[in-house]
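1. need a 3D model of the sequence below.
(chains A and B)
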Amino acid sequence: MILLMQYTLIFASVLMLVALGGCFAERSGVINIGLEGIMVIGALGGALVMKFLPVSVGAFAMVSLTVLASALFGLLFSLLLAVAAIRFKADQTITGTAMNMLATAGATVAVKAMNTAASGGNDVSSDIVYTQAKDLFIIRMGSFEFNWFMLLAVICLAVSYVALYKTRFGLRLRACGEHPQAADSVGINVYKMRYAGVLISGLLGGLGGIVYITAGVSLWKFENGVAGFGFLALAVMIFGAWHPLRIALAALLFGFFRALGNVYSGLGFMMALNIPSVVYNMLPYIISLVVLAFTSKKSRAPKAEGIPYDKGSR
Amino acid sequence: MKNEKKSLIRSESFQTLLASLACILGGLLAGYLALLIIEPSGAWKAITAVMKSFFNYPGRLMLKYFGQTLARTVPLLMCALSVLFAYKVGMFNIGVAGQYVAGACGCLYAALAWNLPWLPCLLIGMAAAALLGAICGILKTKCNVNVVISGIMLNWITLYLTNLILGTVKNPTSPYTKSLQGTNPSALLPRMGLDTFFNNEKSVTIAIPLAVIMAILVWVVLNKTKFGYELKATGNNYNAARYAGMKENRNIINTMMIAGALAGMGAGLLFLTGIEDWETTISSVPGMGFNGIAVAFLGGLSPIGSILSAFFIQYITTGGGNVDLQVYCSQISSLISSLIIYLCAFVAFFKLFLQDRIRVNDEKKAALAAATKEGGEGK
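-> The predicted structure is shown next:
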C-alpha cells in the first residue's frame, strides 16, 4: 500500500510539473505539443549531471545541479518552439510534433555517441546509468521513500498559482492567451509574454523529465523517449481546465492510475480482480477523452491559443 | 526567356518544391554537423553512406535493398496520404499513428486468429482504422473536442488495446506475433511476379503499385470531384461552406473515416508482406504515423509530392544503416528526418517571404516604368 502511495506521489509530481508547463505556454497563447520532447531533453540534461558528477559532492549539490541542468536543457530546447511559433508564426502543431521526434532522435544519437566513444565501440547502447546518484534524492522514512522531487513539485505548484493569479505578470500572460490584440492595445508586449510562457513551459517540462526517469529505475534507455508521459500531461492539463490547483488534483488522479498499473501485482485484492495491467495504463486516457466529450462544448481553453499573433491582423 | 523564369518562380508548386528542397538541404547539413561533432574524421564518409543508401551495395544486393526500401515506403506514403487528406478539411490528423496501429491490429488478428486470406484481412484492418478516424470526427462535430487532443488520447488507447488483442495470437516464446509465413501464408500479399525484378526480394508485393494507385486516387478525389471540392471549401471556411448548403459535419466525419482507412491500409500493406511482426510489449506508439506527418508536409501536402518525399525519407532511413556502427549510429537518419520536418514548419513563412519579395520587385519595376513613361511624355 505504501508502495502504491509512493508511486502515486512521484508520478503525480511528474504530471503536475509538465502539465503546469503546458499551462503556462497555453495561457500565453501557444500550444505546446512538444512537451514530450522537452521532457526527453530535460531528462538527458539531468542524467548527464548524475552520471558525471561524483557522488562525494553530497546530496544538496547533486540535487540542485541536476535540477538546474534539466531545467536549463528543457528551457533551451523549448526555444525551438518559441522562435518558430512566435517569431516565424509557424504552425504550432507541426513544430511540436517535429520537436518530439527530434528530441528522441537527438538524445539517442548523443548518448550513443558518448557511450561508443567511451567504450571504444564496445558499448553502442543508448543507456545512462545513475544508480548511486539516485540514492541522494531519496530519504527513507520507514518503508516510504520520500523523494526531494515531490517537494519540488509542490513548490512549483505554489509558485505557478501565485505567478498566474496574484501577479501583474500572470494577468498579462493570461491576457495574451485570451485576446492578444486587446493586450497589445494597452501596451503589453505580446511577443515577450509568449516567449516567457513557452520558456517557462520548457523549464517545467525539463524538470518533469528528470523526475520521470528517476521515478522507479536507475538506468534510462533514451531510445524509448519518455513513453507518452508528455502527452499524458497534456491530458492532465486539459482535465485540470488550465488551472494550477485543478491540475494538481488531476495529476494525483492520473498518477494514481499509472501507479496502479505499476504495482497492482503486489496488492492481493487487485490481483484477485485479474485485470491486465494495460487496462490501468489505458484508463487515464479513456477518462480524459470521456471528460473532454462532455465538457468541450463550453471549453475553458484560452481563446487565442494556437493562433500566431500578427500585429497587422484584426 | 525572362518571362518564363518569372512565371516559374511565381507558381505555387515551384515555390513548394523550392521550400522542400531547402528543408532537405538544411536537414542534411545539420545531420552532417552532428556527425562532425561525434567524430570528424569519418563524417564525410558517413553522410555520403546515408545519402547513397542502397546504391552502396553491389548489383544484386542493391536491387534487393531497393525492393525493401520500396516496400517500406508504402506504409509511409499511406500515412502521409491520410494526413494530407484530413488537412484539406482543416483537421490535423495526429491520430494517424493510432489509426496505423488499429490497422495493424485488425489485419493481423484477422490473419492469425481467423485464418482469412489477404483481401479480407486488409479490409478488416482498414475498417478498424476507419472506425478510429470516425470517433475522432464524431467527437469533433458532436462534442467540439479538438482533433489533435482526441487523436493523441486515441493513439495511446489503441496502442494498449492492440497489445492486449494481439497478445492472444503471439508467439509463445517471444513478444512478437506469430509469423504469417508459418501460420497462414494465404494472408500474405500476392507478388504477381514483381519480386523477380528485385532479385526475388520477398517483400516486394502488389502493395507498391496499390499505394501509388491510392495516391493518384486521392489526388483525383481532392481535385476532380464534388466531394473533394466540398472538403476543401469546409477546410477553408467552415461557416461559408455551411452557408452554401454543404453538409459540413458529415463531410468532416467522412474525411476522418477515409483518412483512418488510408492509414489502416498502410499498416496492412506492411504487415501482410510478412517482413515485420507486431511486438506486443511495445511501450510507445510507433513512429510511422508521425513520420507520415513529416512526409505529407515535406511533399507540400500534395499526393504526388508525397510519393517523392515518402521515398526520400525511407531512402535516407535505409541509408542510416550504412554508417560505421563502431563510431556512429543508425539513428542519425531519424535525426535528419526530424530536422527536415522541423524546418517544414517554416515553409509558410518562406513562401510568404518569397511572395513579398516578388511583390516588392514588381512594385519597383512598375514605379520605374511609370517614371520612364512620365519622363518620355515630358520630352
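
2. what's the first helix or strand after the helix or strand of chain A with the lowest mean pLDDT?
-> Every helix and strand of chain A was ranked by mean pLDDT, DSSP states H and E. The lowest is helix A:268-273, at a mean of 63. For helix A:268-273, the following helix or strand on the C-terminal side (DSSP states H and E) is helix A:277-295.

3. CA atoms of that next one as CSV?
-> Provided in CSV are the C-alpha atoms of helix A:277-295 (Å, rounded to 0.1, in the frame of the first residue of the first chain):
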residue,chain,number,x,y,z
SER,A,277,-2.1,-4.0,-16.4
VAL,A,278,-2.7,-2.4,-19.8
VAL,A,279,-6.2,-1.5,-18.6
TYR,A,280,-4.7,0.7,-15.9
ASN,A,281,-2.4,2.2,-18.4
MET,A,282,-5.3,2.9,-20.7
LEU,A,283,-7.7,4.3,-18.1
PRO,A,284,-6.3,7.8,-17.7
TYR,A,285,-6.6,8.4,-21.5
ILE,A,286,-10.1,7.0,-21.6
ILE,A,287,-11.2,9.1,-18.7
SER,A,288,-9.9,12.3,-20.2
LEU,A,289,-11.5,11.5,-23.5
VAL,A,290,-14.9,11.0,-21.9
VAL,A,291,-14.5,14.1,-19.8
LEU,A,292,-13.5,16.1,-22.9
ALA,A,293,-16.5,14.8,-24.8
PHE,A,294,-18.8,16.2,-22.1
THR,A,295,-17.0,19.5,-21.3
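
4. so how far is it off the chain centroid?
-> Between the centre of helix A:277-295 and the centre of its host chain there is 19 Å, according to C-alpha atoms, centre = their mean, to the nearest Å.

5. roughly how far does residue B:185 sit from chain A?
-> The gap separating residue B:185 from chain A is 30 Å, by C-beta to the nearest C-beta, to the nearest Å. Any C-beta I mention is one placed from the backbone N, CA and C, and that applies to glycine too.

6. to clarify, my last question referred to residue B:112.
-> For residue B:112, the distance to chain A (C-beta to the nearest C-beta) stands at 19 Å.

7. ok, now which ones touch that residue?
-> For residue B:112, the contacting residues are B:169, B:177, B:178, B:180, B:183, B:184, B:187, by C-beta atoms under 8 Å, 6 or more residues apart in numbering or on different chains.

8. ok, and the closest non-adjacent residue to it?
-> In this structure, residue B:112 finds its nearest non-sequential neighbour in residue B:169, 4.0 Å apart by C-beta to C-beta, 6 or more residues apart in numbering or on different chains.

9. kindly report the same for residue B:69.
-> residue B:318 (4.8 Å).

10. pLDDT weak spots in chain B?
-> Applying pLDDT under 70 to chain B flags the ranges B:1-9, B:375-379.

11. apply 50 and report the result again.
-> Per-residue confidence for chain B (pLDDT under 50) gives these ranges: B:1-3, B:378-379.

12. and the longest helix for it?
-> Counting by DSSP state H, the longest helix found in chain B is helix B:347-378.

13. is it positioned near chain A?
-> Yes. Against chain A, helix B:347-378 shows contacts by C-beta under 8 Å from any C-beta of the partner chain at B:348, B:349.

14. other SSEs contacting that helix?
-> When contacts are defined as 3 or more C-beta pairs under 8 Å, 6 or more residues apart in numbering or on different chains; DSSP states H and E, helix B:347-378 packs onto helix B:2-10, helix B:12-38.

15. any idea how far the residue nearest to residue B:69 is from chain A?
-> 16 Å.

16. just to revisit the earlier point, which of the contacts of residue B:112 are buried?
-> In these, burial by neighbour count holds for B:169, B:177, B:178, B:180, B:184, B:187, counting by 16 or more other C-beta atoms under 10 Å in any protein chain shown.

17. next step: the residues you listed restricted to helices.
-> Within the buried ones among the contacts of residue B:112, residues falling in helices by DSSP H are residue B:180.

18. which residues does the residue nearest to residue B:112 contact?
-> Residue B:169 makes contacts with B:108, B:109, B:112, B:113, B:177, B:178, as judged by C-beta under 8 Å, 6+ apart.

19. let's see 6 Å
-> When the contact criterion is C-beta atoms under 6 Å, 6 or more residues apart in numbering or on different chains, the partners of residue B:169 are B:112, B:113, B:177.

20. tally of neighbours for residue 200?
-> The chain I'm using is chain A. 23 (other C-beta atoms under 10 Å in any protein chain shown).

21. wait, chain B
-> Residue B:200, neighbours per other C-beta under 10 Å, totals 13.

22. for it, give its distance to chain A.
-> Residue B:200 is 32 Å from chain A, by C-beta to the nearest C-beta.

23. repeat that for residue B:360.
-> 16 Å.

24. contacts only, for that residue.
-> Listed by C-beta under 6 Å, 6+ apart, residue B:360 has no contact partners.

25. distance of residue B:299 relative to residue B:292?
-> 10 Å (C-beta to C-beta, to the nearest Å).

26. residue contacts, residue A:16?
-> Residues near residue A:16 by C-beta under 6 Å, 6+ apart: A:153, A:248, A:251.

27. save the contacts of residue B:112 as a markdown table, and put in distance to residue B:12 too.
-> Putting the contacts of residue B:112 into a markdown table (distance: C-beta to C-beta, whole Å) gives the following:
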| residue | distance to residue B:12 |
| --- | --- |
| B:169 | 48 |
| B:177 | 45 |
| B:178 | 49 |
| B:180 | 44 |
| B:183 | 50 |
| B:184 | 48 |
| B:187 | 43 |
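
28. make TSV out of the contacts of residue B:169 and add distance to residue B:36.
-> Below are the contacts of residue B:169 laid out as TSV (distance: C-beta to C-beta, whole Å):
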residue	distance to residue B:36
B:112	47
B:113	51
B:177	41
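
29. in the stretch 201-314 of chain A, which spans are helices?
-> With helices called from DSSP state H, counting those that start in this stretch, the stretch 201-314 of chain A shows them at A:229-239, A:244-263, A:268-273, A:277-295.

30. can you pull the buried residues of stretch B:205-223?
-> Residues B:205-208, B:210-212, B:214-215, B:218-219, B:221-222 are the ones in stretch B:205-223 that count as buried (16+ other C-beta under 10 Å).

31. how far away from the center of its chain is it?
-> Mean C-alpha position of stretch B:205-223 versus that of the full chain (C-alpha atoms, centre = their mean) differs by 13 Å.

32. identify the residues contacting that stretch?
-> B:70, B:74, B:77-78, B:81, B:85, B:189-192, B:228, B:269, B:273, B:303, B:307.
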